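1. Any chance you could fold what I've pasted below:
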Amino acid sequence: MLFALLRSDLRAKAQWLYDEVNFKTILKALCTDGTFAMICYRLMQACQRHHLVPLAMLFNKINPCVIGRGADFGPGFVLIHSHGVFINTGVRGGKNIFIEHQVTIGAEKKQAPVLGDDIFIGAGAKILGGVRIGNHVKIGANAVVTKDVPDGATVAGVPARVIKIYGKPVDEVTAA
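-> Predicted coordinates:
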């Protein structure tokens with residue numbers, strides 16, 4: 001399972017960075033910022049699953065990101081840039097989650113975000129509390145998300161608001 005997840009993560013990162021997946025692009029993706037953090041996260045997750053808590057703690061501590069040991073993401077978890085990323089231990093995420101630098105995904109009053117599939121989170125964005133983020137969502141740079149986000153939405157601003165749904169401006173969607 002560990003190797004399948006790592007393979008999926010590296011393939012997703014190579015596709016994101018180079019628009020193709022082959023030995024060369026995967027090798028290049030291995031050498032980019034964020035990949036070490038992705039590998040540390042997956043190793044930590046595997047150690048947690050196998051009750052190897054001291055090893056899980058070690059991988060958690062050497063990770064340049066702060067990702068809680070209980071955080072759980074599906075295949076295709078990509079840290080585009082790892083600097084300043086904080087993810088609460090209660091966060092659950094689907095597949096193909098792409099995260100840029102300075103992102104916080106945090107709990108509030110013991111309620112953590114739940115993320116769907118195929119999500120992009122821009123630099124500096126914050127997702128806080130027990131919100132649900134739908135599938136195929138884009139969260140703009142520096143957005144602060146404190147409310148649920150529907151499928152296909154693009155959100156931006158402080159506080160974040162829906163500006164597009166499946167690529168169409170919200171005005172066009174509500175008028176239809």
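2. only C-alpha atoms for contact and neighbour calcs from this point on.
-> Fine.
3. need the contact list for residue 26.
-> The neighbourhood of residue 26, defined by CA atoms under 8 Å, 6 or more residues apart in numbering, consists of 10-11, 13-14.
4. now the helix ranked longest in the chain, how far from the chain's geometric center?
-> Counting by DSSP state H, the longest helix found in the chain is helix 2-18. Averaging C-alpha positions (CA atoms, centre = their mean, to the nearest Å) puts helix 2-18 13 Å from its chain's average.
5. For that helix, which residues meet the burial criterion?
-> By neighbour count, and taking 16 or more other CA atoms under 10 Å as the criterion, the buried residues in helix 2-18 are 5-6, 8-15, 17.
6. just stretch 50-65 next, same as before
-> Counting neighbours by 16+ other CA under 10 Å, the buried set in stretch 50-65 is 56-57, 59-60, 63-65.
7. Let's have the buried residues of helix 2-18 in TSV, adding distance to residue 169.
-> Formatted as TSV, the entries for those read as follows, by distance: CA to CA, whole Å:
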residue	distance to residue 169
5	35
6	36
8	33
9	31
10	33
11	32
12	28
13	29
14	30
15	27
17	27
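8. So which of the residues you listed is the closest to residue 84?
-> Distances from the buried residues of helix 2-18 to residue 84 were compared by CA to CA; the smallest belongs to residue 13, at 18.7 Å.
9. Isn't that closest one up against residue 28?
-> No. Taking contact to mean CA atoms under 8 Å, the distance of 9.8 Å between residue 13 and residue 28 leaves them out of contact.
10. hmm, back to that, run the chain-centre distance for the next helix or strand after the longest helix of the chain.
-> With elements assigned by DSSP states H and E, the helix or strand that comes after helix 2-18 is helix 23-30. Chain-centre distance of helix 23-30: 20 Å, with CA atoms, centre = their mean.
11. now the angle from helix 23-30 to helix 2-18?
-> Using axes from the mean of the first three to the mean of the last three CA atoms, to 10 degrees, one finds that helix 23-30 and helix 2-18 are set 90 degrees apart in direction.
12. average pLDDT for whichever helix or strand comes after helix 23-30?
-> For helix 23-30, the succeeding helix or strand toward the C-terminus, using DSSP H and E, is helix 35-49. Averaged across helix 35-49, the pLDDT comes to 95.
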